[in-house]
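A.B. asks: any chance you can model this:
(chains A and B)
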Amino acid sequence: MALSKIQAESVNLADNFAFTGTVSGAGEITASSTVPASSSSSVNVNLTNAVAKTWVRYDLRTGPTLESSLNITSATDDGTGTFSFNLTNNLSSENGASLSGTHTYDENPTQAFSAGSIEIGTESTSELEGYVGYSGTKYDCAQIFGQQFGDLA
Amino acid sequence: MVDTYIVDKDGNSANAADVTVPSDRSFRGAWSLSGNVISEDLDSAKAIFKDKVREVRGPLLDAEDVVYMKALEADDATAKAASVTKKNSLRDAPAASAIDNATTIDELKAAWDSDLLGASPY
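C.D. replies: Residues are numbered from 1 along each chain as shown, chains lettered A, B, ... in the order given. The predicted model follows:
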């Protein structure tokens, strides 16, 4: 039914509506659904592959604490500059891509952290592991951010 | 809330929500779990402190090499002697008695020789 028809029949389209049904048919999102890579591109990317399966915001100044996350069961402070995250739902393989970043605040004032490194990777299909370091030495930083892409098992 | 665990220097693990944790992470590698308290093992902290001294003195020794070479080129005996004294002090810095004699973490932090090594990281 056209939306203009619904509006004409006294349904205010500016109202909020709670949707309780199931999308099926042509509009259903499936594992093979794609979205355009950009508004001007004819290239489509797989929607499932393009979504991060795990992300974390981990703070060493407050606990340590996992401030927010997706698909994480627990975090572990393994030592200076080292940490790991257990996944709620396992990855299908260890070959996905991990993205990471840090916020240093005033930690390690003797270090030019811009020359440092951070790595988060798949220790196994059920665990991400990472470190923050500089010139072979591991250092703490204030916050760590990470994302994991790849298929879930 | 997702649980966060802390692993101490000996591999013991505890839920961060259930234990008292040191107020700063300067000597994270010296953390030792006993009951529901994590404290800093002083001997391990001294080893970490000495490693930090070695890390900081590295570029200072490199810089002093330049000072010495300039003094050598100028055949300046006084400058050479001063540079040798400075380099020996930097080499001896990890063995400072103030480090070994520290009986608390605060005393250990205070053992940092700012005149020789620059601003304290603690």
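A.B. asks: any regions of the chain where pLDDT drops low?
C.D. replies: Going with chain A. By pLDDT under 70, the low-scoring segments of chain A are A:1-7, A:105-116.
A.B. asks: mind doing that once more with 50?
C.D. replies: Applying pLDDT under 50 to chain A flags the ranges A:109-115.
A.B. asks: state the three-state secondary structure for the residue nearest in space to the middle of chain A.
C.D. replies: The residue lying closest to the centre of chain A (C-alpha atoms, centre = their mean) is A:Trp55, at 2.9 Å. The assignment at A:Trp55 comes out as strand when based on DSSP: H, G, I helix; E, B strand; the rest coil.
A.B. asks: measure it to chain B for me?
C.D. replies: Separation of A:Trp55 from chain B (C-beta to the nearest C-beta, to the nearest Å): 12 Å. For the C-beta atoms, the positions are set from N, CA and C on the backbone; glycine is no exception.
A.B. asks: so what's that residue bridging to?
C.D. replies: Per DSSP bridges, the residues bridged to A:Trp55 are A:Leu70, A:Gln147.
A.B. asks: which stretches of the chain form helices?
C.D. replies: No chain specified, so I'll use chain A. If DSSP state H is used as the criterion, the helices of chain A fall at A:3-8, A:47-50.
A.B. asks: the chain in question should be chain B.
C.D. replies: For chain B, applying DSSP H gives helices covering B:42-73, B:77-92, B:97-101, B:105-110, B:114-117.
A.B. asks: same list, those helices, but as a markdown table with mean neighbour count, mean pLDDT and distance to A:Thr76 please.
C.D. replies: What follows is the helices of chain B, written out as a markdown table (neighbours: other C-beta atoms under 10 Å in any protein chain shown; pLDDT from 0 to 100; distance: least, C-beta to C-beta, whole Å):
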| stretch | mean neighbour count | mean pLDDT | distance to A:Thr76 |
| --- | --- | --- | --- |
| helix B:42-73 | 15 | 96 | 20 |
| helix B:77-92 | 14 | 97 | 37 |
| helix B:97-101 | 12 | 97 | 31 |
| helix B:105-110 | 16 | 96 | 24 |
| helix B:114-117 | 12 | 96 | 33 |
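A.B. asks: export those as CSV, with columns for distance to A:Phe83.
C.D. replies: Formatted as CSV, the helices of chain B follow (distance: least, C-beta to C-beta, whole Å):
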stretch, distance to A:Phe83
helix B:42-73, 18
helix B:77-92, 33
helix B:97-101, 29
helix B:105-110, 23
helix B:114-117, 29
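A.B. asks: of the ones you listed, give the one that comes closest to chain A.
C.D. replies: helix B:42-73 (5.8 Å; C-beta to the nearest C-beta).
A.B. asks: so does that closest one get close to chain A?
C.D. replies: Yes: legend: contact between helix B:42-73 and chain A by C-beta under 8 Å from any C-beta of the partner chain is shown at B:55-56.
A.B. asks: any idea of the angle that helix forms with helix B:77-92?
C.D. replies: 160 degrees (axes from the mean of the first three to the mean of the last three C-alpha atoms, to 10 degrees).
A.B. asks: state the distance from A:Gln148 to chain B.
C.D. replies: As for A:Gln148, its distance to chain B is 15 Å (criterion: C-beta to the nearest C-beta).
A.B. asks: before we move on, what about A:Val23?
C.D. replies: For A:Val23, the distance to chain B (C-beta to the nearest C-beta) stands at 30 Å.
A.B. asks: ignoring the adjacent residues along the chain, who's closest to that residue?
C.D. replies: Nearest non-adjacent residue to A:Val23, counting by C-beta to C-beta, 6 or more residues apart in numbering or on different chains: A:Ile29, 7.2 Å away.
A.B. asks: what is the neighbour count of the one you found?
C.D. replies: 10 (other C-beta atoms under 10 Å in any protein chain shown).
A.B. asks: distance of it relative to A:Leu99?
C.D. replies: 24 Å (C-beta to C-beta, to the nearest Å).
A.B. asks: next one: A:Leu60
C.D. replies: Taking C-beta to C-beta, one finds A:Leu60 at 19 Å from A:Leu99.
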